[in-house]
Structures are given as C-alpha cells and as structure tokens.
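Visitor: Next one to model:
(one chain, ligands or ions: 3)
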Amino acid sequence: MAESSAGLQRLAPFVLGRARRGVVGSSRYAQRLRTEVLEAARDPQRQPVLISGEPGLEKDNLAALVHYGSADRRRLLVRMEASDLQGSGLNLLDELGSSTLLMSGMDRVDDAVQQRLIAMARGEAPGFQGRVLFTSEAAIPALDGQVRTIRVPPLRVRRTDLGDWLRYRLRLQSPGLGWGQPPALPDSVVRRLQNHDFANNLRELEAMVDRALRQARQQSQGELPPLLPEEVFWTEEKKRRARFDIWRWKPQLRDWMRAPALWNTLLFGLVSWLFVAVNLALWLGPQDRAANPMLTLFWAWWWPLILLSYPLVGRLWCAICPFMVWGQIAQKLTPWHKKSWPHGDTDRWGAPLLAAGFAAILLWEEVWNLENTAWLSSCLLLLITAGAVIGSTVFEKRFWCRYLCPVGGMNGLFAKLSILELRAEAGTCSGSCSSYACFKGGPADGEGLASEGCPLGTHPAHLSDNRNCVLCMTCTQACPNRSVQLRLRPPAADLQRTMQAPDGERGLILVLAGGICLHHWQRLLGWLPLAPSSLHEGPLLARLSFAALALALPAAAGLWLNRRWLYAGLPLLWALLLARHLPIGMAEAGTVLPQGWPHWSADTHVIGFCQTMVVGIGWVGAAILSRRLLDLDRRAWVTGSMVLLMVSLSGRWLVAL
Ligand code: SF4
Ligand code: SF4
Ligand code: SF4
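Guide: Ligands and ions are numbered 1, 2, ... in the order given. Got it, this is the predicted structure:
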C-alpha cells in the first residue's frame, strides 16, 4: 500500500508534485478547455478522465490541474507510462492505495494491462481506492462510455492564443538566458506565426522561443534587446509542392537580375526622367485622349498591361515604379534621421485607409473625367508620388509602399494570383546565416553586396504570400549564401485556407469591384429618377451621389459574405477589371503614334470575344479556388460555382461595349 513507507519509496520517482501552469489563452477553445478541466476536478463522482490530443499539448499538465484542483489534492498523483508497467513494474499498481494514477500514453499500453487499468478506473481493483486519469494521442475504444473525456485542441486550431503563449514562454524562458525583464514581442511575429501549423504544438513553440532568445542574445553583442527582432523566429518551411527554381536552372539570370548597375540605370537614369517627361506632356500638351498620346499611354497601355502582368510577374510594377523612385530620391536627399520601421499592427489602420484612398481615386477619376483630362491625370500621378515622397522622408525604407499606396495595395492583392514567387530557403537562413543582411542590411560580405535591407521590412524566408514583396532584388543582392530563390509555381498558390490577410483587404476587394460598377453606372442606376445624364456634367451633388452609390453596390452584398468567398472570387475580379479596360486598350493602344505613322485598332467583335474569354477564365479560376478555400461538399461547390457563373455573366453584361 502507498501508505507504507516501502510503497512510498517505490512510488516516489513517479510522483508529480504540482501542475506547472494553468490553461493559457483566451480563445473560446481555451475557455472551453478551462471549463472542462474545472468540471473534471470538481466532479463529485470522481469519474475517471481521458485527456486526448496530439503530441506536445502538455496533457499531463492538464491531468495535474484536474488532480490538484480536486478534493483529492492532498493525495499523491502518480504518473506512469507504458514502459513503467513492464515486467515487475506492474506490481507498482498494487502500491497505489488511494493515490491518483495518471496513466500517460494509454494508447501505447498493451491490451492485458489496459484491461487491468480499466478495472482500476471502474473501482473494481481490490485495494485501490484512488482515481484514474488517462492521457492519449489516439482514440481508445475500450474506454468509450467509461470515462469523462477532455479533448485538447491543437495549437493551430487556437491561433488566437498564440500571442499569449509566446509571451508566456518568453516570461518563463528569458530570465534563464540573462534578461532581467522579458523582452517584448513584435505583433508582426505573432501574425506570421499564426500562419504556421506547429505540428509538435507547445513542444515546438518552446524550442522556437528558446532558439529565438539564444539567437537574439548572440546578435546583441552585449546589451540584451528589450524587443526581440523579427528575424530570430524561425519555423520549418512548409513543403511547397510544384516549385521550379528559375535561378538554379539559369544561374546567369540571377547574376544579371541582381546587378546594381542594371537597377540604378533603369530607375534613376531612365524611369525618373521619363516620369518627368510624361507629366510635362500631360500638363502642357492637349487635354483630351484622342490628341495626347501620354494620356493614351496611361489609360490604354498602363491599365491593361498591369492587369495582364499580375498572374505572370505579380507585383513587378512596384520594382520599377516611378512614384517610389522619386520617394527614394527624396529619402536620400533629405538629411534628417527617419523614423524607424514600425513594429505594431500597422495594417489594422493602414489597410482600411488604403481602401478608402482607392475609393476616393475612383470617384475622382469618374466624376472629373480623368480619362479625358490630361492635367488631372497628371495630378493623380503626382498625388501618389507625393505620398511616396512624404512616406520616405518621414520613415525609413518604403513605408508608403507597404501600408498606404492604393496602387501598391491592388498590386499586392493580385500578386497572390501570380505564378512567380521570391522566397529564401528557411533551412539555409537558419543554419548558415548570422548577418540577416537581406532584412537588416549591412556591409558587403562575401558574395553579398552592401545594402540597406528589404525596403518593405520583410524577410524573404518569412513571406507567406506575395503581398509584401515588390521583387526589388535587394535581398538577392545582399544575401551572401545564395538562399534567395525565384520560383515558378501554380497560379494563386498564396490563396490557401490557412492564409492570413489583413481584415482591411476585404474593403479593397469590394472597392475594386465597385470601380467596375462605377464605370458602368448607367447600366445599373441610369434608370433611377434624379439620375444625372452624365457623371461629367450637371449638378455636382447628384453626380457624386450616384457615383458613390454605384461604387458602394458590391460592398452592400460583399460585407456580409464569408471572407473566403471574396478571395475565391479574386480571379473573377481580376478578369472583370481586365475586361473593363480591354475596350480602351484594344481600341486605342495602337493609335499612340503620331498621324502618318502606322495605327492599329481592334474590331469591336474581337474586343467582345476577348472580354468573354477573359471573364470565362476568371470564372474557372474562381470555381477552382472556391473548392480550395471553402470547406464545401460536392453539391455545395456546384451550387457555389453556379452562383459564381451568374456573377460572371452579370459582370460580362456590365462591361460590354
Ligand atoms: S506601392 Fe505604390 S508607390 Fe510603391 S512602388 Fe508600388 S505603386 Fe509605386
Ligand atoms: S542574408 Fe541570405 S542566408 Fe541570411 S537570412 Fe537573408 S536570405 Fe537567409
Ligand atoms: S528585398 Fe526581397 S523580399 Fe524584400 S521586397 Fe525586395 S525582393 Fe521582396
């Protein structure tokens, strides 16, 4: 009996003295778990308990919480596992008396011992009056109906608890590594890790925090940082299927694409001055599109081409964008110290502001007829440039591009559809790198060139989608380990069920859809009484009201939709935007040369056919994505695809010539 001193001595190595921690987190899963543990502890029947869940979820600790929260707390809690009950170890069960037995890993115990343990749990074992708690990683049919079950949700299901868990682990682990106060944790790290699956749950989290603290200490060279840098948190890279590394195939291309001379000549020698020339032509030249080729360049070339570029090269426009070239020039020329890169959740207010900015631009374009007013089109370009210049003279890097630029927001959104991605290999970075020059910048190091680090404040190994990569090649230039890869991949590979996108991005999707309704407002709202005959002439209030109403139409329906439906519809939105811009592009792009030079213009039937093809492609893409993003059975998917088809047909009708 455990009450005998010999029995106590034999059980001593197995005694669990206390619970190490409570249930961390405030998600509904954590709250339910807390309630279930409490109910099991207070169970007047002292029913046996089975705590089941994946490896690494600290199930033994939960069992200890049950025991030490119960009326049996003054009795011993004896923890055993399958290996302890082999051979003569089985006799230990006779020593338990009124102690509580925690049988850890019941699913690994052989059948005969399982039967004996179940008899003990039922109170049918002579000499044992204690309670039995089981933990298991798999279902145990023999325990069905015999026990109270607590299912522990894996960490990937309780993503909202991750911040609490990380901060808790930092509080626990940082003193042992020299911190007087636990270091702070950037919100961006929590958001990034919420995208990680944590196959080994809390065990993996603990190892990750330990590694981050050690690396931050190693990097600090003296004073330990009060805020942990983002780059010290490493996760195992998810197995990416169907990727083709272009630079491994053609190494010469990599050398060519990372050459600073190429970028400097292109951006500062050509693009910057071309932009000045375009704006001068818009201000000083004829004001209507028929007579001003620069206006044709903007409306008939830029819009269709940038839309066509998204599925192929994602956000590449941002690598050669003239707005930011002037932002960078202003940043270099202003002598004052720029504010450091913000670590908070800037997207929380940045993304809605960006969507609102895009909505304002669309209203401006349509009501003030920018398509046919050259100087106002130039004002639009200069306004975005002003944002880039102000952002670059206040903050370091490219704050405007990452958080506020409306064009950049659209580019980042549609870049998720791209077949191209730039990523670093997490294994190489975590194993071979100590400089993190791609992210932080630094002096030249071996093959790595001197740089100021990623202008968008992202680490190429931590990118979970294309949204925050402008393909500027800075990381490729800076990396001394050839870790950065340029890969081909299936279209829309960023759009997965586990993706994390800022809430405000939903607003941008609806605004872009609203832009199509706004351009063709007459088909939707022209029949209403009080509708103006045109958005360009007449009382301003009526024109603005109808324009705003048309712009808001998709939002009225879309705000109630599941967010995943909006992302599933992204290929369709892209297709409808392209179909909306094809008429100008195909009819006028070939007329940009002066009179007397060759001109080309597509027939209206050809334009209509291309619009139908594009919308058809968009519908197919949306139907496929809805299967991937939404948990639909076959019937629901077919119904959803039919609804998408109706939206596609309506869209096709709307953008018709
Ligand atoms: S985000 Fe805007 S300003 Fe920045 S590079 Fe892209 S388009 Fe240009
Ligand atoms: S510099 Fe290269 S190896 Fe080092 S972290 Fe960046 S991409 Fe990885
Ligand atoms: S530095 Fe690399 S990760 Fe950062 S934006 Fe440029 S290409 Fe993308």
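
Visitor: got the end-to-end distance for stretch 12-27?
Guide: 37 Å (CA to CA, to the nearest Å).

Visitor: ok, residues contacting it?
Guide: With contacts defined as CB atoms under 8 Å, 6 or more residues apart in numbering, stretch 12-27 is touched by 30, 33-34, 37, 58, 60-62, 64-65, 67-68, 76-80, 84, 92, 102, 158, 160-161, 164-165, 168. Using the backbone N, CA and C atoms, a C-beta is placed for each residue, glycine as well.

Visitor: For the most centrally placed residue in the chain, which non-adjacent residue is closest in space?
Guide: Centroid-nearest residue in the chain: Gln500, 3.2 Å away (criterion: CA atoms, centre = their mean). Distances taken as CB to CB, 6 or more residues apart in numbering place Asn195 nearest to Gln500, at 4.9 Å, with adjacent residues excluded.

Visitor: do Gly651 as well
Guide: Nearest non-adjacent residue to Gly651, counting by CB to CB, 6+ apart: Leu576, 4.4 Å away.

Visitor: Count the neighbours of the residue nearest to Arg467 when sequence neighbours are not counted for me.
Guide: Once flanking residues are discounted, Arg467 sits nearest to Gly412: 3.9 Å by CB to CB, 6+ apart. Residues lying near Gly412 (other CB atoms under 10 Å) number 27.

Visitor: Tyr403 versus Gly412, what's the distance?
Guide: Per CB to CB, to the nearest Å, Gly412 is found 10 Å from Tyr403.

Visitor: Same question for Arg10.
Guide: From Arg10 to Tyr403 the distance is 64 Å (CB to CB).

Visitor: go on, Trp527?
Guide: On the measure of CB to CB, Trp527 and Tyr403 end up 40 Å apart.

Visitor: quick one: which of the two has more around it?
Guide: More neighbours surround Tyr403 than the other of Trp527 and Tyr403, with 23 against 8 (other CB under 10 Å).

Visitor: quick one, what contacts the more buried one?
Guide: By CB under 8 Å, 6+ apart, the contact list for Tyr403 reads Thr346, Asp347, Gly350, Ala351, Leu354.

Visitor: Tell me the pLDDT of the closest residue in space to the first one that isn't next to it in sequence.
Guide: Going back to what we said before, that points to Thr346. Of all residues beyond its chain neighbours, the one nearest Thr346 is Tyr403 (5.1 Å), with distances taken as CB to CB, 6+ apart. Looking at Tyr403, its pLDDT reads 96.

Visitor: Quick check: the gap between the closest residue to ligand 1 within the stretch 451-600 of the chain and Leu593.
Guide: Nearest residue of the stretch 451-600 of the chain to ligand 1, counting by CB to the nearest ligand atom: Val470, 5.9 Å away. With distances taken as CB to CB, Val470 is found 32 Å from Leu593.

Visitor: Break down the stretch 51-200 of the chain into its strands, ranges please.
Guide: Using DSSP state E, counting those that start in this stretch, the strands of the stretch 51-200 of the chain run over 77-81, 100-104, 132-136, 148-151.

Visitor: And Gln485, which helix or strand is it part of?
Guide: Per DSSP states H and E: Gln485 is located in strand 484-488.

Visitor: Mind checking what secondary structure the residue nearest to Gly651 has?
Guide: On the three-state scheme (DSSP: H, G, I helix; E, B strand; the rest coil), Leu576 is labelled helix.

Visitor: In the strand holding Gln485, which residues are buried?
Guide: By neighbour count on 16 or more other CB atoms under 10 Å, the buried set for strand 484-488 is Val484, Gln485, Leu486, Arg487.

Visitor: Nearest to ligand 3 among those?
Guide: Distance to ligand 3, by CB to the nearest ligand atom, is smallest for Val484 among the buried residues of strand 484-488, at 6.8 Å.

Visitor: For the protein, give me the ranges with low pLDDT.
Guide: Applying pLDDT under 70 to the chain flags residues 1-3, 236-239.

Visitor: interface residues of it facing ligand 3?
Guide: The chain has residues Leu422, Cys454, Leu456, Thr458, Pro460, Cys469, Val470, Leu471, Cys472, Met473, Thr474, Cys475 near ligand 3, with proximity defined as CB under 6 Å from any ligand atom.

Visitor: Give the PyMOL command for selecting the buried subset of the contacts of stretch 12-27.
Guide: Typed into PyMOL, the line below selects the buried ones among these, using 16+ other CB under 10 Å:
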select buried, resi 30+33+34+37+58+60+61+62+64+65+67+68+76+77+78+79+80+84+92+102+158+161+164+165+168
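
Visitor: which element is the closest residue to ligand 3 within the stretch 301-450 of the chain on?
Guide: Distances between the stretch 301-450 of the chain and ligand 3 by CB to the nearest ligand atom are smallest at Leu422, namely 5.1 Å. Assigned by DSSP H and E, Leu422 belongs to strand 420-424.

Visitor: these two touch, right, Leu376 and Val367?
Guide: No - Leu376 lies out of contact with Val367 (CB atoms under 8 Å); the separation is 10.6 Å.

Visitor: first to last residue in stretch 471-485, what's the distance?
Guide: Stretch 471-485 has an end-to-end distance of 11 Å (CA to CA).

Visitor: Could you check how far that stretch is from the centre of its chain?
Guide: From the chain centre to the centre of stretch 471-485 is a distance of 22 Å (CA atoms, centre = their mean, to the nearest Å).

Visitor: Do the strand or helix carrying the residue nearest to Arg467 and ligand 1 come into contact?
Guide: Using DSSP H and E, Gly412 maps to helix 406-414. Yes - on the criterion CB under 6 Å from any ligand atom, helix 406-414 is in touch with ligand 1 at Val407, Gly408, Asn411.

Visitor: does the first one really touch Thr385, like I thought?
Guide: No - in terms of CB under 8 Å, Val407 does not count as a neighbour of Thr385; the distance is 10.9 Å.

Visitor: three-state assignment of Ala212?
Guide: The local conformation at Ala212, judged by three-state DSSP, is helix.

Visitor: So that it lines up with my notes, have the first residue be 423 from now on.
Guide: Renumbered: residue one is now 423, and that last one reads Ala634.

Visitor: which residues touch the closest residue to it other than its chain neighbours?
Guide: Nearest residue to Ala634 in three dimensions, chain neighbours excluded: Val654, at 4.2 Å (CB to CB, 6+ apart). Residues counted as contacts of Val654 (CB under 8 Å, 6+ apart) are Arg633, Ala634, Leu635, Gln637, Ala638, Gln641.

Visitor: Now with 6 Å, please.
Guide: With contacts defined as CB atoms under 6 Å, 6 or more residues apart in numbering, the neighbours of Val654 are Ala634, Gln637, Ala638.

Visitor: need the residues you listed in a markdown table with neighbour count and distance to ligand 1, can you?
Guide: Formatted as a markdown table, the contacts of Val654 follow (neighbours: other CB atoms under 10 Å; distance: CB to the nearest ligand atom, whole Å):
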| residue | neighbour count | distance to ligand 1 |
| --- | --- | --- |
| Ala634 | 25 | 30 |
| Gln637 | 19 | 31 |
| Ala638 | 21 | 31 |
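
Visitor: near ligand 2, which residues of the protein show up?
Guide: 846, 850-851, 854-855, 857-861, 882-883, 897, 900-901, 903, 905-906.

Visitor: from those residues, which ones fall inside strands?
Guide: Those of the residues of the chain next to ligand 2 mapping onto strands are Ala846, Val906, per DSSP state E.

Visitor: Can you say which of the residues of the chain next to ligand 2 are buried?
Guide: Among those, the ones that count as buried by 16+ other CB under 10 Å are 846, 850-851, 855, 857-861, 882-883, 897, 900-901, 903, 905-906.
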